[in-house]
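Chemist: all I have is the shape, not the residue letters:
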């Protein structure tokens, strides 16, 4: 029999430091929502913030809001906030595009640094879009690279000196299995490979420490556990030690060192800003920032403790 009773569960609820957080979201009455892995719930602050952006910043200030309302810095500002959630340092995370596009950009950059190696190593049950993007990139490269898929338990032994990049998802979307990021990253580095992590089912769900794990690259989703809304922009991470040497293939104007100089030749911006491509989606960024702020207030360690308790 279960060791839990109605009274003991009620007592857990009363002692739960995160209990007030439920009232910070719009949730339909009578609904127990367990689908945050596909779409996070709507924070109550988001509606007011979007109204402010639409009515005041866009409606009244118009183009001046790029400077006066901080629109132009939004990808870096929200990126630095996400960095605090995933154990990265300021200037290592930027919000832009979708997870798939960011995977394409970071994987292309990684392969450019390992031109003498053929293999992108991943798992057979990796999230399909990651595999599709890798396949598409390899096709664009004329088939000079190979996507090698193995079982999760075969990853370590498959990390050989043929591997250019290890490309894996930290939390498996099918099984929920959490990969050992520090161990696999260390093994990749021992073989001279880079490690690219998809955090789409990790960020906002459990504590992460990319810096401690010595990760090279990462991408992640904004509309799942970060509660950024449907189609929210994604984020990418590039460790500071790599930023000066990495280039990305989608070299759009916002990733230029001087985007408003309007010169003909591309020169990448300093740091992680070079991973921007087109104009930031300001309405979506504003919504995402509300969800990220709420998570920072809640504290990821507390969220993880409650998650484990609820699923025991």
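Modeler: Nice, thanks for sending it over. Owing to the predicted nature of the structure, the values given are computational and were not obtained by experimental measurement.
Chemist: low-confidence ranges in the stretch 51-200 of the chain?
Modeler: Within the stretch 51-200 of the chain, no stretch has pLDDT under 70.
Chemist: just the helices in this protein please.
Modeler: 6-15, 44-52, 65-68, 74-86, 99-113, 128-140, 155-158, 181-190, 210-213, 282-298, 300-311 (DSSP state H).
Chemist: which residues touch the second one?
Modeler: Spelled out, it's helix 44-52. 23-26, 229, 283, 286-287, 289-291, 293-294 (CB atoms under 8 Å, 6 or more residues apart in numbering). Bear in mind the C-beta positions are built from the backbone N, C-alpha and C, glycine included.
Chemist: of all those residues, which comes closest to residue 144?
Modeler: Nearest to residue 144, judged by CB to CB, of the contacts of helix 44-52 is residue 229 at 39.2 Å.
Chemist: burial count for the closest one?
Modeler: By the criterion of other CB atoms under 10 Å, residue 229 has 23 neighbours.
Chemist: again, but for residue 155
Modeler: For residue 155, using other CB under 10 Å, the count is 20.
Chemist: so how far is residue 191 from it?
Modeler: Counting by CB to CB, to the nearest Å, the gap from residue 155 to residue 191 is 12 Å.
Chemist: what does residue 82 give?
Modeler: Distance from residue 82 to residue 191, by CB to CB: 29 Å.
Chemist: for the stretch 151-300 of the chain, just list every one of the strands.
Modeler: 163-169, 194-198, 217-220, 235-238 (DSSP state E, counting those that start in this stretch).
Chemist: who are the packing partners of the first one?
Modeler: Just to be clear, that refers to strand 163-169. helix 99-113, strand 119-123, helix 128-140, helix 181-190, strand 194-198 (3 or more CB pairs under 8 Å, 6 or more residues apart in numbering; DSSP states H and E).
Chemist: pick out whichever of residue 82 and residue 191 has more residues nearby.
Modeler: Taking neighbours as other CB under 10 Å, residue 82 and residue 191 compare with residue 82 leading, 28 against 15.
Chemist: I'd say the more buried one and residue 226 touch.
Modeler: Yes. Using CB atoms under 8 Å, residue 82 is in contact with residue 226, at 7.3 Å.
Chemist: any common contacting residues for these two?
Modeler: Common neighbours of residue 82 and residue 226 (CB under 8 Å, 6+ apart) are 203, 220, 292.
Chemist: now restrict the residues you listed to buried residues only.
Modeler: Buried members of those, counted by 16 or more other CB atoms under 10 Å: 203, 220, 292.
Chemist: please produce JSON lines containing the residues you listed, extended by distance to residue 309 and pLDDT.
Modeler: Listed next are those as JSON lines, based on distance: CB to CB, whole Å; pLDDT from 0 to 100:
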{"residue": "203", "distance to residue 309": "21", "pLDDT": "97"}
{"residue": "220", "distance to residue 309": "25", "pLDDT": "98"}
{"residue": "292", "distance to residue 309": "24", "pLDDT": "98"}
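Chemist: return the member of these nearest to residue 263.
Modeler: Among these, and counting by CB to CB, the member closest to residue 263 is residue 220, at 32.6 Å.
Chemist: beta partners for the residue nearest in space to the middle of the chain?
Modeler: Centroid-nearest residue in the chain: residue 220, 1.9 Å away (criterion: CA atoms, centre = their mean). Beta-bridge partners for residue 220, by DSSP bridges, are residue 235.
Chemist: quick check, it in contact with residue 205.
Modeler: No. The criterion here is CB under 8 Å, and residue 220 misses it with residue 205 at 10.6 Å.
Chemist: relative to residue 21, how far out is residue 299?
Modeler: Taken as CB to CB, the span from residue 299 to residue 21 is 10 Å.
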